[in-house]
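[1] structure here, sequence nowhere to be found:
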């Protein structure tokens, strides 16, 4: 088998000239005067339902209101009293299959594309994907304008995993017809928390 | 005078109704891309920066590869190096065998297509399940991708419906895309739950932090890696970029260029194995790429981030389909990559270009795809694959254009052709007459008219 030296050495031998790194701080990136407003527009376009001006204490009633038939609710958030499964202390990821609603908290949102940053915070991150529906919490003051700002803000912990999610899972692989709910969540409700 | 591409394109065009549908479907993606680009005022600046970042990274790739591998190892990931497809397949099989994995779910990876990984593993008793819906459809239909982003879009919903009736026992005659997608979801869910290993490709590898970054809409890369115990990522060495500041530029361009979305649904960053899971593996693949760095005319093809915008824009791709190209990646990108891999084998594709240069005007990393195709054409004679008829015609034109009197005589007499009976002009010996009406020559040539 090849070693790193073989392949890196070959690259070194074949590089003809070394070009400098461009300056990126002068990118004239779009900044929104009201990032929250743009975030709502983009997240809605990505297929999300938006619930505004709420508190963490309202979560159980929001879940009931948005997903009245939900039986299996997975969350590690202490405010979700109606949770039936905790993704932090189940034995294996497979046990989360059949979850009707997964409730997860994001760190911040991005206005230009409606995405939310979720670093892994529980043992089984499968909850973000395997649940039929996702309820995502986000502080309405924590919205940045664009991905340049977003990548300055991303944080990781020891789990070593994080994901931007913009709306429910989707596909247009059959004849370019857009269908929500490919392999992961079929719907996503964003709860904007009032600070 | 036909090339391998033009022969297959002719077949493709036999069904004009299908060809029309194919053209408008892929043009639709181009229109969506245009709308997205127009909505970002700094779009052209982003393209220029993206190109410069890639030029910088590729010309310092030795440094960034080392940095990436060091960071990944520090995260506890085992990094493997494959010089070619064979070594790549052996490494992946070795990892699966060592972990006693019998079934692997995987998300879309053009690299594993390039290396013919699935047949290699299947021949050794590993069950490989594609989980991107388009790739899954193709796997069930025993077909190869016809596009790098939307691999099964050449199939109609009836094609998929009939396939699923046979393979997934779906309801007879129900070819509604929503229903078919739901049935595929149910069947793939079982596969995720029972797989021993999950594999992803990589859109980016981050040198500073060792992240593998994967962009999907379906969430299949995350399902593939958050349920099974063993995670393997395959990455071509040109996919390494320095850091998050650079990543932001590419993430803003990728989905807008590919499908006309402001971002993919999921942009996932993998640094290490899940708690309790087995060690994560990254396989870095060369397979010719390090050699291409030395090719002054063509090294910039390595900047590609596989968005597919060049294909959607290409009139030849839209009117000939992915299977008219002999290389597994079609369109302007595939023509160039094929020539880099094996110019003799894939030279039949370089004719598939009108030199309109639309591809390089939409390319988010500004690869000069069309200009490179022009350059490849100049090498055909040296490869011994130039078309003899065309060579003869060029020689004849050389003679006519170099001799003023011959040129004057020829242009003055050309109008005689107008009076020849049709069968003498519009026949198989005159390639102009195929799909064209023969033009009328004027009695007085243009330059004579100007002199008077």
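    Right, received. Where do you want to start? What you see is a predicted model; the values in this text were computed from it and never measured. Residues are numbered from 1 along each chain as shown, chains lettered A, B, ... in the order given.
[2] all the helices of chain A, in order from the start?
    A:4-14, A:35-45, A:59-66, A:127-130, A:147-153 (DSSP state H).
[3] can you name the residues in contact with the first one?
    Right, the one you point to is helix A:4-14. B:61-62, B:65-66, B:69, B:79, B:81, B:83, B:237, B:284, B:286, B:290-294 (CB atoms under 8 Å, 6 or more residues apart in numbering or on different chains). No exception for glycine: its C-beta is placed from N, CA and C like everyone else's.
[4] may I see the ChimeraX selection of the buried members of these?
    Of those, the buried ones go into a single ChimeraX selection, burial set by 16 or more other CB atoms under 10 Å in any protein chain shown:
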select /B:61,62,65,66,69,79,81,83,237,284,286,290,292,293
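[5] so which of the contacts of helix A:4-14 belong to strands?
    Counting by DSSP state E, the contacts of helix A:4-14 place B:79, B:81, B:284 in strands.
[6] let me have those residues in CSV, extended by pLDDT.
    As requested, the ones in strands among the contacts of helix A:4-14 are exported to CSV (pLDDT from 0 to 100):
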residue, pLDDT
B:79, 98
B:81, 98
B:284, 98
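[7] out of these, which is nearest to chain A?
    residue B:81 (4.6 Å; CB to the nearest CB).
[8] before we move on, the earlier item: keep only the ones in strands among the contacts of helix A:4-14 that also lie close to chain A.
    B:79, B:81, B:284 (CB under 8 Å from any CB of the partner chain).
[9] do you have the strands of chain B handy? List them.
    Counting by DSSP E, the strands of chain B are B:78-82, B:103-106, B:127-130, B:197-200, B:204-206, B:212-216, B:230-236, B:240-241, B:266-270, B:281-285.
[10] pick the most deeply packed of the ones you listed.
    Ranked by mean neighbour count under mean count of other CB atoms under 10 Å in any protein chain shown, the strands of chain B are led by strand B:197-200, which reaches a mean of 28.
[11] partners of it in the sheet?
    strand B:103-106 (parallel), strand B:230-236 (parallel) (DSSP bridges).
[12] need the ones you listed in JSON lines (columns: mean pLDDT).
    Converted to JSON lines, these look like this (pLDDT from 0 to 100):
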{"stretch": "strand B:103-106", "mean pLDDT": "98"}
{"stretch": "strand B:230-236", "mean pLDDT": "98"}
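[13] can you say which of those is nearest to residue A:49?
    strand B:103-106 (29.6 Å; CB to CB).
[14] OK, now which residue of chain A is nearest to chain B?
    residue A:184 (2.6 Å).
[15] next, the contact list for the nearest residue to that residue once chain neighbours are set aside, please.
    Spatial nearest neighbour of residue A:184, excluding adjacent residues (CB to CB, 6 or more residues apart in numbering or on different chains): residue B:219 at 2.6 Å. Contacts for residue B:219 (CB under 8 Å, 6+ apart) come out as A:129, A:169, A:182-185, B:265-266.
[16] tell me how far residue B:219 lies from residue A:83.
    Distance of residue B:219 to residue A:83, computed by CB to CB, to the nearest Å: 22 Å.
[17] how far does stretch A:17-33 stretch from start to finish?
    43 Å (CA to CA, to the nearest Å).
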